[in-house]
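*Asks:* 3D model of this:
(one chain, ligands or ions: 1)
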Amino acid sequence: MCGIIGYIGGRQATPLLVGGLRKLEYRGYDSAGVSVFNNGTSKVVRCRGKLANLEAKLLEDPAPGTVGIGHTRWATHGRPSDENSHPHKVGPISVIHNGIIENHLQLRAELAASGSKFSSETDTEIFAHLVAREIKTAENLTLAVRRALAKVRGSYAFVVMSDHEPQTLVAAKNSSPLVIGLGENENFIASDVTAILAETRKVIFIEEGEIVTVTREAVAITDLEGKPVTRAPKTITWSAVQAEKGGFKHFMLKEIHEQPRAVADTLVGRVDLEHDDVLLDGVTLDVTKIKRIVFVACGTSYHASMVGEFMIEALARIPVEVEIASEFRYRDPIIGAGDLVIAVSQSGETLDTMEAVREAKKRGAQVLAISNVLESSIPRLADHAFYTHAGPEIGVASTKAFTTQLVAMALVAIYLGKRTKTLSNERARALLAELVQLPQKMRDIVEGGAQLQVLARRYGGAHGFLFLGRGSQYPIALEGALKLKEISYIHAEGYPAGEMKHGPIALIDENLPVVVLAPRGPFYEKVVSNLAEVRARQGKVLAIATKGDNEIGGHADDVVLVPDTALELQPILTVLPLQMLSYYVADGKGTDVDQPRNLAKSVTVE
Ligand code: M6R
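*Replies:* Model (predicted):
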């Protein structure tokens, strides 16, 4: 997740690029840079850190010219540094990129073998080398980009500029967003409309697999084969603030909808279908040395860890414990060599989790961090880091960070299971195939928001909620309750469904909505019995069940159906309706959804 912008016209490009980048900084701020064409060559100015650093640098070292590209980076491949900042320039070619090139290692090796020298650790520089190689024989920049794209696998929005063809910018899209802004004798390219809204409201959204050639006067779209595409421009009527949220009312809703894309990015380059295996970005874990796994985490990341326990125990048969980080660090934990501690943290900065990692390392345990933010403190402290690549999460209530953590854990569990030999190739293959299908299944759920809106209106007036689940759905019940509490301020409790009759059943009456996670699986019958117990006491039941389940409707007041998947992966789907329910309840109450009271996105204090 990064922000990209391009300008071609008659005005000075740098102020327009920097102005656009300011609007795109929410997409990442590990580094920023511009490449601006002037007097026969393009000048690159870039540096690590926020846009303010780039602005200061540009004051000392201006980049004049009327054609240019700019980038604000959220690091995925290669740490945040000056060298890894975009644009990347190779020969006459400058490139900016948002996305992940899946086959970057293979391409890097091929290019290196034919003499290319790299000056960064990024996957993006590889694309600059590819275009620089193709431009030597292609008749124009568009053709060179098309040929280079044929070699690349993964998600991308690229903008490419050539010193030999400065009257043209070429952009291409696959999975990452790209929009063209149309002006009078000038045109813009951007990751989203916020970046260009101050300049134009006339835009063309570029679709998957399209290449667009932009000059001052014209915009020509083709598909990857070069076949022309015609698309009428649209006029944007959103406000600038709405546009930053991609047209969604809140960042949380935007992030809920981003989950299919985020999960696809978590999977990029990690699924090895040829060998029914998983690649952990170079992390190697010696299973013969792991006697026990201990998760440490807080909040939503703690719930993800609880699901991780089910996954790893089921697939790798290694004993797992899950600890709340703030408790772990103060109770003289029995931990040491032979333990693998997995620290889970979206931000990578949560103080309690960081201190738990320090404690574990001090006592001789090996630490693997699962985090969303590259080079944040916890992954840097850990022995190994595995990133979720969800993109920046702005809403305080965690959504896409959670589902991508679950996907990361599924990958770790499959990796371990293959090495402990408790997971057969056939089962690994089936799980990997299911993982790859998740984004589409998630899309089906998040696009069904209308039903959740109706249910939120029906149940949103209640003073409390109970969430019930068994097995790996129990942590989802906890997560559903946490989501509702933190953004709607309605009290909610998550319980293992079987534990209900040991106390919480006393709460049940006609005013208490009970959300029951009841997907198909080994606990289905038992959960249905729990539903009956609730309904016998006039409780209102909202069941989350599997598509094709015609029985559940007879036991619940309302049912939300989600697509079927492997048992271990079901939590990744069942949590989505709970996130949407919480969102719509909170929105109906008019709370500050993105910044709920008393909370902060990163808890860096005890
Ligand atoms: O950045 P982390 O994953 O370490 O953060 C942990 C919790 O603070 C976080 O998950 C919190 O519970 C969220 N607000 C939940 O939505």
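*Asks:* phi, psi of the residue nearest to the spatial centre of the chain?
*Replies:* Centroid-nearest residue in the chain: Ala390, 1.6 Å away (criterion: CA atoms, centre = their mean). When read as degrees, to the nearest 10, the backbone of Ala390 gives phi -80, psi -10.
*Asks:* need the contact list for it.
*Replies:* For Ala390, the contact set (CB atoms under 8 Å, 6 or more residues apart in numbering) comprises 1, 258, 262, 265-266, 346, 372, 400-401, 404. The C-beta positions use only the backbone N, C-alpha and C, and glycine is treated the same way.
*Asks:* same question, Ile4
*Replies:* Counted by CB under 8 Å, 6+ apart, Ile4 has contacts 24, 69-71, 96-98, 157, 159, 178, 189-191.
*Asks:* got the residues you listed as CSV, with secondary structure columns?
*Replies:* Putting the contacts of Ile4 into CSV (DSSP: H, G, I helix; E, B strand; the rest coil) gives the following:
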residue, secondary structure
Leu24, helix
Ile69, strand
Gly70, strand
His71, strand
Ile96, strand
His97, strand
Asn98, strand
Ala157, strand
Val159, strand
Leu178, coil
Ile189, strand
Ala190, strand
Ser191, coil
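*Asks:* burial measure for the closest residue to Thr546 other than its chain neighbours, as a count.
*Replies:* Closest residue in space to Thr546, ignoring its immediate chain neighbours: Arg520 at 4.2 Å, by CB to CB, 6 or more residues apart in numbering. Per other CB atoms under 10 Å, the neighbour tally for Arg520 reads 16.
*Asks:* and Arg363, by the same measure?
*Replies:* Arg363 has 15 neighbouring residues, counting by other CB under 10 Å.
*Asks:* likewise for Ser602?
*Replies:* Residues lying near Ser602 (other CB under 10 Å) number 15.
*Asks:* would you say it is within a strand?
*Replies:* No. Assigned with three-state DSSP, Ser602 falls outside any strand and is coil.
*Asks:* change the start of the numbering to 7 and stick with it
*Replies:* With 7 as the first residue, the last one maps to Ser608.
*Asks:* give me every residue that touches the closest residue to it other than its chain neighbours.
*Replies:* Leaving out its chain neighbours, the residue that sits closest to Ser608 by CB to CB, 6+ apart is Ser353, at 4.2 Å. Neighbouring residues of Ser353 by CB under 8 Å, 6+ apart: 377-379, 382, 607-608.
*Asks:* kindly report the same for Leu582.
*Replies:* With contact set as CB under 8 Å, 6+ apart, Leu582 has these partners: 262, 265, 409, 448, 451-452, 568.
*Asks:* for the stretch 57-206 of the chain, which residue gets nearest to the ligand?
*Replies:* Residue nearest to the ligand within the stretch 57-206 of the chain (CB to the nearest ligand atom): Trp80, separated by 15.4 Å.
*Asks:* what separates the closest residue to that residue other than its chain neighbours from Leu567, distance-wise?
*Replies:* Counting by CB to CB, 6+ apart, Gly34 is the residue found nearest to Trp80 once chain neighbours are left out, at 2.4 Å. According to CB to CB, to the nearest Å, Gly34 stands 36 Å off from Leu567.
*Asks:* over to Ser37?
*Replies:* Distance of Ser37 to Leu567, given as CB to CB: 44 Å.
*Asks:* the more surrounded of the two?
*Replies:* Remark: of Ser37 and Leu567, Ser37 carries more neighbours, 27 against 20, as counted by other CB under 10 Å.
*Asks:* give me the neighbour count for the residue in the chain positioned nearest to the ligand.
*Replies:* Nearest to the ligand, among the residues of the chain, is Gly305, at 2.0 Å (CB to the nearest ligand atom). Neighbour count of Gly305, defined by other CB under 10 Å: 22.
*Asks:* thought it was touching Ser404?
*Replies:* Yes. Between Gly305 and Ser404 there is a contact under CB atoms under 8 Å: 7.2 Å.
*Asks:* how about Ile107, nearest residue that isn't a chain neighbour?
*Replies:* Asp129 is the one closest to Ile107 (CB to CB, 6+ apart), at 3.9 Å.
*Asks:* and that neighbour, what does it touch?
*Replies:* 82-84, 103, 106-107, 110, 160.
*Asks:* near the ligand, list only the ones from the residues you listed.
*Replies:* Filtering those for proximity to the ligand by CB under 6 Å from any ligand atom leaves nothing.
*Asks:* buried set for stretch 187-200?
*Replies:* Under the neighbour-count criterion of 16 or more other CB atoms under 10 Å, stretch 187-200 has 187-189, 192-200 buried.
*Asks:* for Ala524, give me its contacts.
*Replies:* 530, 533-534, 537, 549-551, 555, 558, 562.
*Asks:* picking up where we left off before, ChimeraX command to pick out the buried ones of the contacts of Ile10?
*Replies:* A single ChimeraX command selects the buried members of these (16+ other CB under 10 Å):
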select :30,75,76,77,102,103,104,163,165,184,195,196,197
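*Asks:* now the contacts of Ile10 in a markdown table, with pLDDT and distance to His92?
*Replies:* Converted to a markdown table, the contacts of Ile10 look like this (pLDDT from 0 to 100; distance: CB to CB, whole Å):
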| residue | pLDDT | distance to His92 |
| --- | --- | --- |
| Leu30 | 86 | 12 |
| Ile75 | 98 | 9 |
| Gly76 | 98 | 9 |
| His77 | 97 | 4 |
| Ile102 | 97 | 5 |
| His103 | 95 | 6 |
| Asn104 | 92 | 9 |
| Ala163 | 94 | 12 |
| Val165 | 98 | 10 |
| Leu184 | 93 | 15 |
| Ile195 | 98 | 14 |
| Ala196 | 95 | 14 |
| Ser197 | 91 | 12 |
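*Asks:* the domain parsing of the chain - what is it?
*Replies:* According to automatic domain parsing, the chain comprises the domains 9-245, 254-445, 454-612.
*Asks:* what does the lowest-mean-pLDDT helix or strand in the chain contact?
*Replies:* One helix or strand of the chain scores below all others by mean pLDDT, DSSP states H and E: helix 246-250, with a mean of 71. Here helix 246-250 makes contact (CB under 8 Å, 6+ apart) with 29, 32, 198-200, 203-204, 242, 254-255.
*Asks:* just to revisit the earlier point, who are the contact partners of the residue of the chain closest to the ligand?
*Replies:* So Gly305 contacts 404, 488, 609 (CB under 8 Å, 6+ apart).
*Asks:* among those, which ones lie close to the ligand?
*Replies:* 404, 488, 609.
*Asks:* which bits of the protein sit near the ligand?
*Replies:* Close to the ligand, as judged by CB under 6 Å from any ligand atom, the chain has residues 304-307, 351-353, 356, 359, 402-404, 488, 492, 608-609.
*Asks:* show me those that map onto strands.
*Replies:* Ser351 (DSSP state E).
*Asks:* which of the residues of the chain next to the ligand are buried? Put it as a ChimeraX command.
*Replies:* Buried residues among the residues of the chain next to the ligand (16+ other CB under 10 Å), as a ChimeraX selection:
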select :304,305,306,307,351,352,353,356,359,402,403,404,488,492,609
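*Asks:* so which of the residues of the chain next to the ligand belong to helices?
*Replies:* If you go by DSSP state H, the residues of the chain next to the ligand have 305-307, 359, 488, 492 in helices.
*Asks:* so where's the stretch 7-156 of the chain uncertain?
*Replies:* Where the stretch 7-156 of the chain drops to pLDDT under 70, the residues are 7.
*Asks:* repeat that with 80
*Replies:* Along the stretch 7-156 of the chain, the model assigns pLDDT under 80 to residues 7, 32-33.
*Asks:* ditto for the stretch 357-506 of the chain
*Replies:* Along the stretch 357-506 of the chain, segments meeting pLDDT under 80 span 381.
*Asks:* can you do 90?
*Replies:* Within the stretch 357-506 of the chain, the ranges that satisfy pLDDT under 90 run 357, 379-383, 386, 397-399, 454, 506.
*Asks:* hey, where'd the helices end up in it?
*Replies:* 357-368, 383-387, 406-426, 431-452, 455-465, 479-494 (DSSP state H, counting those that start in this stretch).
*Asks:* if we can go back for a sec, so what's the residue nearest to Thr552 up against?
*Replies:* Counted by CB under 8 Å, 6+ apart, Arg526 has contacts 551-552, 555, 570.
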